[in-house]
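1. need a 3D model of the sequence below.
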Amino acid sequence: MEHHRILVHTTQVPIRWGDMDAMGHVNNTVYFRYMEQARIAWLESLGYGVAVTLDESPVIVNASCTFIVPFTYPGTVEIRTFAGKPGRSSLPTWHEMSKVGEDTLYAEGASKIVWTLASTGKSAPLPEAIRKLVEALA
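-> Presented below is the predicted three-dimensional model:
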């Protein structure tokens, strides 16, 4: 299924020796860390830092990853983050991962961000700045 999406951020993360597993490639769970780091870097670039004192915060309600080519050490992963049409309190995101200097797509993933209020545990309206950014880029 094809989704309308726009590129909102690109980040790079070095592959660490300890990211690899007994099979000699980056362990599948680490791909989710790469996507997490990219998502956090994007939100921080918009002024939404991670702080436990904030009542409003993004949470992930689902995440997926398709592993295409295994990453191996050494190298640097480039993660391109895309966003789709925002909902009232949610935003679909997608990630494409490749090695810096290569055109090969190593993995692709997705996650749904839901904005929440820590004090109630309930969803909250997506910040207007994020909504406007995504809609302006579309």
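
2. and the end-to-end length of stretch 4-22?
-> Using C-alpha to C-alpha, to the nearest Å, the span of stretch 4-22 from its first residue to its last is 38 Å.

3. in what helix or strand does the residue nearest to the spatial centre of the chain lie?
-> Nearest to the geometric centre of the chain sits R39, at 3.5 Å (C-alpha atoms, centre = their mean). If you go by DSSP states H and E, R39 is part of helix 28-45.

4. quick one: contacts of whichever helix or strand comes after that helix?
-> Under the assignment DSSP H and E, the closest C-terminal helix or strand after helix 28-45 is strand 56-67. For strand 56-67, contacts defined as C-beta atoms under 8 Å, 6 or more residues apart in numbering pick out 28, 31-32, 35, 39, 43, 48, 50, 90, 106-118, 124, 127. The C-beta positions use only the backbone N, C-alpha and C, and glycine is treated the same way.

5. list the buried residues for strand 56-67?
-> Neighbour counts over strand 56-67 (16 or more other C-beta atoms under 10 Å) mark 57-58, 63, 65 as buried.

6. next structured bit after that strand?
-> As assigned by DSSP H and E, the chain's next helix or strand after strand 56-67 is strand 76-83.

7. counting by contacts, list what that next one packs against.
-> If contacts are counted by 3 or more C-beta pairs under 8 Å, 6 or more residues apart in numbering; DSSP states H and E, strand 76-83 sits against strand 6-14, helix 28-45, strand 90-99.

8. give me the contacts around it.
-> Residues outside strand 76-83 that contact it (C-beta under 8 Å, 6+ apart): 5-15, 34-35, 37-39, 42, 71, 91-100, 106, 134, 137.

9. show me what counts as buried in that strand.
-> Buried positions in strand 76-83, judged by neighbour count with 16+ other C-beta under 10 Å: 77-83.

10. of the contacts of strand 76-83, just the buried ones, ChimeraX syntax please.
-> Burial among these is assessed by 16+ other C-beta under 10 Å; the matching ChimeraX selection reads:
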select :5,8,9,11,13,15,34,35,38,39,42,71,91,92,93,94,95,96,97,98,99,106,134
